[in-house]
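Engineer: sharing a sequence plus its predicted fold:
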Amino acid sequence: MKPSILVARAIFPETLARLSEHFEVESNQVDHIFTPQELAAKLQGKHGLLCTGSARVDATQLAQTPMLRAVANMAVGYDNLDLAACTAHQVMATNTPDVLNQTTADFAWALLMATARRVTEAEHWLRAGNWEKWSYDAFLGADIHGATLGILGMGRIGQAIARRSSGFDMQVLYHNRSRLSESQEAYANNARYVSKQELLATADHLVLILPYSAQTHHAIGAPELAMMKPSATLVNVARGGIVDDAALIAALRQKKIAAAGLDVFEGEPKFHPDFLTLENVVLTPHIASASESTRRAMAECAADNLIAALTHQKPPNLLNP
Ligand code: 8YV
């Protein structure tokens, strides 16, 4: 008998077809977002779960799903999984690292450049029919070339973001849980390790790309924003909860920083409504990894992990110790 799995969100039909070769698959191509209770009900009798960040897998959930052996998260971030609870319930947990590094780094740059050069703000103004004449001071933004790029969280995506800055003759500063090796720093456009305070005070453009956890919750709040330059821009392609949105809105309103580019929001897809009242923000709906080929690679990577986990092989991206 084939193991049974639940694919909790809509996914590429090709990946579903491949999973069906190995498993009895219950899919959700209508893409209903399951409540925790619905997820628990759907997981009865299932051995595996393929999910995204919208599914919370914690001790309460796992206590109701005794047959479950593996959870494959289709994301590199896994703050939606309680790893200790997974381990306690002998559930293998996996993520999809590496396949999205370059695409996410590309998008961090898209957001950084749109934010610094006020691209979306200018476009909205043009679409609204406001363009009557050229003005010397219309939409003046911050230069990217020659500026100091700050990166908070210097994992593989952070390094890929830093590497791209060499074409803009930028200086790169970073802060991370630990310092990179010399060769990693060289790869990351000769990035220099500094304290979080120095990073905040010095960066012209600050990119957040660190994992979300209790330790990084609201790592950027009012005190941190107050340390930044009034001309600085902030980009978040990590997780919304890293930033205190109310503090960021206040800082943007009072021009304590110049602008922000946000792909992630605390409580998304809901977000603080006041963001919509600000002109100096670029807002996107969590799409940093959303290139055709990368999303396919993520789905295939999650499938690889689930197939390995449920066929007595070590999943390539096993997270539990
Ligand atoms: C995903 C992400 O699209 O990989 C991650 O951690 O944030 C995105 O690439 C999203 O989390 C869907 O699960």
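Structural biologist: Done, it's in.
Engineer: use CA for all of it now, contacts and neighbours both
Structural biologist: Fine.
Engineer: can I get the CA coordinates of stretch 6-25 in PDB?
Structural biologist: Coordinates of each C-alpha in stretch 6-25 appear next as PDB, following Å, rounded to 0.1, in the frame of the first residue of the first chain:
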ATOM      1  CA  LEU A   6      -1.900  15.700   2.000                       C
ATOM      2  CA  VAL A   7      -0.700  18.500  -0.300                       C
ATOM      3  CA  ALA A   8      -2.100  21.400   1.700                       C
ATOM      4  CA  ARG A   9      -2.000  24.100  -1.000                       C
ATOM      5  CA  ALA A  10      -2.400  24.300  -4.700                       C
ATOM      6  CA  ILE A  11       0.700  23.200  -6.500                       C
ATOM      7  CA  PHE A  12       2.100  22.600 -10.000                       C
ATOM      8  CA  PRO A  13       0.100  19.700 -11.600                       C
ATOM      9  CA  GLU A  14       3.400  18.100 -12.700                       C
ATOM     10  CA  THR A  15       4.600  17.900  -9.100                       C
ATOM     11  CA  LEU A  16       1.200  16.400  -8.100                       C
ATOM     12  CA  ALA A  17       1.500  13.900 -10.800                       C
ATOM     13  CA  ARG A  18       5.000  12.900  -9.600                       C
ATOM     14  CA  LEU A  19       3.800  12.600  -6.000                       C
ATOM     15  CA  SER A  20       0.900  10.400  -7.200                       C
ATOM     16  CA  GLU A  21       3.400   7.800  -8.500                       C
ATOM     17  CA  HIS A  22       4.600   7.300  -5.000                       C
ATOM     18  CA  PHE A  23       1.600   8.200  -2.800                       C
ATOM     19  CA  GLU A  24      -2.100   8.300  -2.300                       C
ATOM     20  CA  VAL A  25      -2.500  12.000  -2.700                       C
END
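Engineer: average pLDDT across it?
Structural biologist: The pLDDT scores in stretch 6-25 average 98.
Engineer: list the buried residues for that stretch?
Structural biologist: For stretch 6-25, a neighbour-count test (16 or more other CA atoms under 10 Å) marks 6-11, 15-16, 19, 22-25 as buried.
Engineer: stretch 99-110 now?
Structural biologist: Buried residues in stretch 99-110, counted by 16+ other CA under 10 Å: 99-109.
Engineer: A helix includes residue 235, no?
Structural biologist: No. The assignment for residue 235, made by DSSP: H, G, I helix; E, B strand; the rest coil, is strand rather than a helix.
Engineer: is it true that it touches residue 206?
Structural biologist: Yes. Judged on CA atoms under 8 Å, residue 235 makes contact with residue 206 at a distance of 6.1 Å.
Engineer: indicate the residue of the stretch 101-250 of the chain located nearest to the ligand.
Structural biologist: residue 238 (6.6 Å; CA to the nearest ligand atom).
Engineer: okay, now that residue: neighbour count?
Structural biologist: Neighbour count of residue 238, defined by other CA atoms under 10 Å: 26.
Engineer: excluding its backbone neighbours, what's nearest it?
Structural biologist: Using CA to CA, 6 or more residues apart in numbering and skipping the chain neighbours, the partner closest in space to residue 238 is residue 209 (4.6 Å).
Engineer: and the pLDDT at the one you found?
Structural biologist: Looking at residue 209, its pLDDT is 98.
Engineer: specify the local secondary structure of the residue most central in space within the chain.
Structural biologist: The chain has residue 238 as the residue nearest its centroid, 3.6 Å off, counting by CA atoms, centre = their mean. Per three-state DSSP, the local secondary structure of residue 238 is coil.
Engineer: now do the contacts for it.
Structural biologist: With contacts taken as CA atoms under 8 Å, 6 or more residues apart in numbering, residue 238 has the following neighbours: 208-212, 263-264.
Engineer: just those now: which is nearest residue 140?
Structural biologist: The shortest gap between residue 140 and any of the contacts of residue 238 belongs to residue 263, at 22.9 Å (CA to CA).
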